[in-house]
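# Predicted coordinates and the sequence they were generated for:
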Amino acid sequence: MCRNIKTLFNFEPPATEDEIHASALQFVRKLSGFNKPSQANEEAFELAVAEVSEAARKLLASLHTHAPARDREIEAEKAKERSRLRFG
């Protein structure tokens, strides 16, 4: 799966509409192979992004966990440290 798609569930504050849309856009780009579709495919591409965004919103709203919500800033720092260790 695309490495640019980030986990959106169980964070405080919750995922924003922009984050959900960005993940949907990355997913549709990966599936279609288009970074920017042609005019002939633009309508289908945008519809797919909207439908994936809606499915993601429904999924996030329906998921439940007993685990405490993760802090975005702490998780970002952990990711930076992993990247630093991996790439130097």
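Cool, got the structure.

# use CA for all of it now, contacts and neighbours both
Will do.

# quick one, helices of the protein?
Counting by DSSP state H, the chain has these helices, from start to end: 17-32, 39-62, 72-87.

# Can you check the pLDDT for the residue sitting nearest the centre point of the chain?
Closest residue to the average C-alpha location of the chain: residue 23 at 2.8 Å, with CA atoms, centre = their mean. If you check residue 23, the pLDDT there is 93.

# is it true that it touches residue 5?
Yes - contact criterion CA atoms under 8 Å: residue 23 and residue 5 qualify, at 5.3 Å.

# Spit out the residues that contact those two alike.
Common contacts of residue 23 and residue 5 (CA atoms under 8 Å, 6 or more residues apart in numbering): none found.

# that older thread, nearest to residue 11, out of the helices of the chain?
Using CA to CA as the measure, helix 72-87 is the one of the helices of the chain that comes nearest residue 11, at 6.4 Å.
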